[in-house]
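# just coords:
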């Protein structure tokens, strides 16, 4: 098949899991062209698996100091450009569109009457799974942001619904030596100043902080790092714990590796509030509503957690896509769990 694959590039989790599925689709002999939206192309790294690809502005939200800013989000939308990109895209020859909650590809599929599949964590919220702050607007966004004919949701538990386990990079495994005082920090919606003031006094630990710095620099126990996939995964593999926002993919990888997690959800976003709720209810990690040094210190005293072993979901999804039996999401979910 000739497949158009849309990736929401605002979050590294979308990129990480899409990379795995696209890799398997190409190995199966399918031709895949990728659309990435929501990120400046100069901020995309190690994209060989996605080639050939196009980048568009797409739709995204604005945040400041750990909170979604509704007015700023509305002001930065470029709806004319958004629809112009959809209508101008030459979709001739594609047999299928797959979207990881990416809005341009989903609408290209609808405009050109191409069957479409949505694969991603957000599609789990179309089912009866635990949610927090699920106001009517948030649920409207879930249903309409990146439409698809067949939706394949991902979550840490099945909740007796036709959803799949997380997609984990196939090569991900712990290093033989875990650095017990090493903590990986990824809080992209918080300011560098707030992160530093929270962690600097905790001198017994080394914090490797991935953020918007131009180059690596060390400040005693704070190790600031620009985002790079290889470096990030290396630090994830040999750290003793993770401090992050309540995004889905990094927490999935931490669970898979048996890393204890402390999450601070992005305020005002239903998905992250719901993820934090599930993390707490299933006892998969610790939650803090605001950046707080005392909470971090209590988290650091907690023991390590056993790893959660998920199957090769990316391969399963790719083979299911190839089968053409797209209506049987329930069968795919039963096999995966």
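Perfect, thanks for sending it. Everything numeric here is computed off the predicted structure, so don't read it as measured data.
# what segments of the stretch 151-300 of the chain are strands?
Along the stretch 151-300 of the chain, counting by DSSP state E, counting those that start in this stretch, strands occupy 182-186, 206-211, 217-219, 222-226, 241-244, 260-263, 286-287.
# contacting residues around residue 124?
Taking Cβ atoms under 8 Å, 6 or more residues apart in numbering, we find residue 124 in contact with 153, 154, 155, 161, 163. Bear in mind the C-beta positions are built from the backbone N, C-alpha and C, glycine included.
# who touches the closest residue to it other than its chain neighbours in this structure?
Leaving out its chain neighbours, the residue that sits closest to residue 124 by Cβ to Cβ, 6 or more residues apart in numbering is residue 153, at 3.0 Å. Each residue near residue 153 by Cβ under 8 Å, 6+ apart is listed here: 120-127, 129, 161-164.
# pLDDT score for residue 153?
On the pLDDT scale, residue 153 is placed at 97.
# for residue 56, same thing?
For residue 56, the model assigns a pLDDT of 87.
# and residue 62, by the same measure?
Value for residue 62, per-residue pLDDT: 43.
# next: residue 171.
Note on residue 171: pLDDT of 84.
# where's it relative to residue 5, distance?
When distance is defined by Cβ to Cβ, to the nearest Å, residue 171 is 21 Å away from residue 5.
# more crowded one of these two?
Under the neighbour definition other Cβ atoms under 10 Å, residue 171 and residue 5 were set side by side, and residue 5 has more, 25 against 7.
# still on that earlier bit, most neighbours among the contacts of residue 124, which one?
Of the contacts of residue 124, residue 163 is surrounded by the most neighbours, 27 neighbours in total, counting by other Cβ under 10 Å.
# quick check: angle from the biggest helix by length in the chain to strand 182-186?
In the chain, taking DSSP state H as the definition, the longest helix is helix 12-27. Angle, helix 12-27 to strand 182-186, by axes from the mean of the first three to the mean of the last three Cα atoms, to 10 degrees: 90 degrees.
# what's the angle between helix 12-27 and strand 206-211?
Using the same axes, to 10 degrees: helix 12-27 against strand 206-211 is 80 degrees.
# in helix 12-27, what's buried?
12-25 (16 or more other Cβ atoms under 10 Å).
# any chance of the strands of the stretch 151-300 of the chain in TSV, plus mean pLDDT?
Output for the strands of the stretch 151-300 of the chain, formatted as TSV (pLDDT from 0 to 100):
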stretch	mean pLDDT
strand 182-186	98
strand 206-211	97
strand 217-219	95
strand 222-226	96
strand 241-244	98
strand 260-263	98
strand 286-287	96
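# format these as TSV; extra columns: mean neighbour count and distance to residue 139.
Formatted as TSV, these follow (neighbours: other Cβ atoms under 10 Å; distance: least, Cβ to Cβ, whole Å):
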stretch	mean neighbour count	distance to residue 139
strand 182-186	23	27
strand 206-211	21	31
strand 217-219	11	42
strand 222-226	18	36
strand 241-244	24	25
strand 260-263	22	22
strand 286-287	20	22
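# output those as TSV; include the columns distance to residue 50.
Shown next, in TSV, are these (distance: least, Cβ to Cβ, whole Å):
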stretch	distance to residue 50
strand 182-186	21
strand 206-211	21
strand 217-219	30
strand 222-226	20
strand 241-244	24
strand 260-263	28
strand 286-287	33
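# for these, which one sits closest to residue 306?
Between residue 306 and those, the shortest gap by Cβ to Cβ is with strand 260-263, which sits at 10.5 Å.
# outside of stretch 164-171, which residues touch it?
Applying Cβ under 8 Å, 6+ apart, the contact partners of stretch 164-171 are 16-17, 19-21, 121, 152-156, 158, 233, 248-249, 252-253, 255-256, 310-317, 332-333, 336-337.
# again, but for stretch 154-161
Applying Cβ under 8 Å, 6+ apart, the set of residues contacting stretch 154-161 from outside is 17, 119-121, 123-124, 127-130, 153, 163-167, 248, 251-252, 255, 278, 282, 284, 308, 313, 333, 337.
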